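> for reference, the sequence and a predicted model appear below.
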Amino acid sequence: MKAYYLTLTLTCLFVLAIQAQAAASDSRDPFSPYNTWNTPSASGEAETDKNKHANKPPIERDPVRTYAVIGLIVSPDNAVAVVKSLNNHEFFVQVGDHIGNEGGVIESIHTDGITVDTGSSIVTLNVSNNFEIPNE
C-alpha cells in the first residue's frame, strides 16, 4: 500500500513539474485563441498575408464568387438564403448581411439566387439546384 501512495505522489509531482516547465516557457494567455498566422517565419517577418482574413467571421473569409447558394426561402415579408463555402460550411443569410472577403453586402434575395454588392461590382449567385416548392 505504501508503494501505491509513493507511486501516486511521484506521478503527481512529475505532472506538476511538467506543467510548471510548460508555463514558464509559454507566456501565451491560455484563454486566447491559438494564432499560427502571426508567428515569425524563418526570415523574422510575420506571416500575415497567408491568412489575412483569418480574424474575420467565416462567411467573410473567401471571395464572393466561391460561395454557392444551396437554398432559398422567399416570402412576401422576408427572404433567407442558405449559402455554402468552399470548406462546406453552411450559412443562413438575409438582405444586409456581409459575405465574402471583398466587403460584399447582400442587396437582394430573389427566387433565382442572391445579389451581392462588393463596392466595385455587383455579383449574382444563382441557386445551385432546380427544385422549387410552389407557394400555395
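Cool, the structure landed. Residues are numbered from 1 along each chain as shown.
> so H89 makes contact with E60?
No: the pair H89 / E60 is not scored as a contact, 11.9 Å apart, by CB atoms under 8 Å. C-beta coordinates here come from the backbone N, C-alpha and C atoms, glycine included.
> so these two - more neighbours on which side?
With neighbours defined as other CB atoms under 10 Å, H89 and E60 compare such that E60 has more, 17 against 13.
> show the contacting residues for that one.
E60 is in contact with 53, 98-101, counting by CB atoms under 8 Å, 6 or more residues apart in numbering.
> now, of those residues, which are buried?
Buried residues within the contacts of E60, counting neighbours by 16 or more other CB atoms under 10 Å: 99-101.
> adding distance to V93 and secondary structure, write those out as TSV.
Shown next, in TSV, are these (distance: CB to CB, whole Å; DSSP: H, G, I helix; E, B strand; the rest coil):
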residue	distance to V93	secondary structure
I99	6	strand
G100	11	coil
N101	15	coil
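> what's the neighbour count on H110?
Using other CB under 10 Å, H110 has 14 other residues around it.
> sorry, slip of the keys, the one I care about is A81.
Other residues lying near A81 total 25 when counted by other CB under 10 Å.
> quick one: contacts for it?
By CB under 8 Å, 6+ apart, A81 lies in contact with 69, 71-73, 92-94, 106, 109, 113-114.
> please apply the same query to L6.
L6 neighbours (CB under 8 Å, 6+ apart): none.
> what about L6, which SS state?
At L6 the chain is in helix, as set by DSSP: H, G, I helix; E, B strand; the rest coil.
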